[in-house]
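Output the structure for:
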Amino acid sequence: MNKEETKIGFIGTGVMGKSMALHLIKAGYTVLVYSRTKEKAAQLISQGASWIHSPKELAKQANIVITMVGYPDDVKSIYLGEEGLIENANPHTYLIDMTTSTPTLAKEIAERAKQKEIYAIDAPVSGGDIGAKSGKLSIMVGGEDTAYRAILPILQYMGENIVYQGVAGAGQHTKMANQIAIASNMIGVCEAIIYAEKAGLNSENVLKSITSGAAGSWSLSNLVPRMISGDFSPGFYIKHFIKDMTIALDEAEKMGMETPGLRLAREMYEKLAAEGEGESGTQALYKYWER
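Got it, this is the predicted structure:
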């Protein structure tokens, strides 16, 4: 895809989206941005992005549109509404939803897009703010293989581990597997560090020992240092993790699958959210033991 002829629209410039869009600007692409709050796009505009006042206008101007928003309802309105992307994008536009959303919605978007000769890809990510800033996100892709291969060079500016998972919705199903693995792991990570502290150990020294062994995980290496330092700012919001876990629980129920670890993790996070921690990062699960 010729860089000079490519106009990338980016919708959603929050904690992760802002960094992802910035990689594309630095790569030399023309980037058009829209966010419900223009102030959130200020840094991108200062770096050369053009502000577009609505998804409808952005769809008319861009030949690739990337979305990174909060909830499935946001995705649905941006893609399927009368003022949305599918109704207003030109034929042969590539639409890439990198939000964690539902597999069912991803399939619906792909089917509606195909009717308009538009290519729709579901490509949720993992790696949080750290992965977004470094351009090393894991990207899980669902959709038509030919569309995936066409937009792969774009994805490579935002992620390192990019895997094509299959038909529309497969990316979202893979992200659910990812979130299920993280959910129970976060409980174990927090219990381990709280245990170390109650045993009178130096938690930083404990971390040095256990991160390189069989207990090692991304959460242990990247989020426990934040817990220890009292940094609970969001790399990934608790409120969004609860949304993801709810999607995963719904999908598992449809398949007749029990998920006791996932159910427990959501219950713990919901208690924290009820106490005002919804805007905190997922590492604030550490606070559960302070209750």
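
Shouldn't G28 be within a strand?
No. Per DSSP: H, G, I helix; E, B strand; the rest coil, G28 lies outside any strand segment and is coil.

doesn't T6 make contact with it?
No. Look at G28 against T6 with CB atoms under 8 Å: they stay out of range, at 9.7 Å. All C-beta atoms are positioned from the backbone trio N, CA, C, and that covers glycine.

higher neighbour count, the two?
Comparing G28 with T6 by other CB atoms under 10 Å, the one with more neighbours is T6, at 18 against 12.

Show the pLDDT at that one.
Looking at T6, its pLDDT is 96.

Repeat that for M1.
We note a pLDDT of 68 for M1 in this prediction.

Give the residue spans of the stretch 151-291 of the chain that score low on pLDDT.
Scanning the stretch 151-291 of the chain for pLDDT under 70 picks out no residues.

quick one: the strands in this structure?
7-11, 30-34, 50-51, 64-67, 94-97, 119-122, 125-126, 137-142, 159-166 (DSSP state E).

Distance to D244 and mean neighbour count added to those, as TSV?
As requested, those are exported to TSV (distance: least, CB to CB, whole Å; neighbours: other CB atoms under 10 Å):
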stretch	distance to D244	mean neighbour count
strand 7-11	19	26
strand 30-34	24	23
strand 50-51	29	15
strand 64-67	16	25
strand 94-97	14	27
strand 119-122	14	28
strand 125-126	10	22
strand 137-142	13	25
strand 159-166	17	16
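
Look up phi and psi at S35.
Here is the backbone geometry of S35 (degrees, to the nearest 10): phi -150, psi 150.

quick one, what contacts it?
I11, G12, T13, G14, G17, A41 (CB atoms under 8 Å, 6 or more residues apart in numbering).

what do you get if the cut-off is 10 Å, keeping everything else the same?
10-14, 17-18, 21, 41-42, 44, 51-52, 68-69 (CB atoms under 10 Å, 6 or more residues apart in numbering).

for L24, same thing?
L24 sits next to T6, I8, F10, T30, V31, L44, A49, I64, I66, I154, Y157, M158 when contact means CB under 10 Å, 6+ apart.

just to revisit the earlier point, closest to Y164 among the contacts of S35?
Nearest to Y164 out of the contacts of S35 is M68 (CB to CB; 19.4 Å).

What's the separation between T102 and R266?
Distance, T102 to R266, by CB to CB, to the nearest Å: 16 Å.
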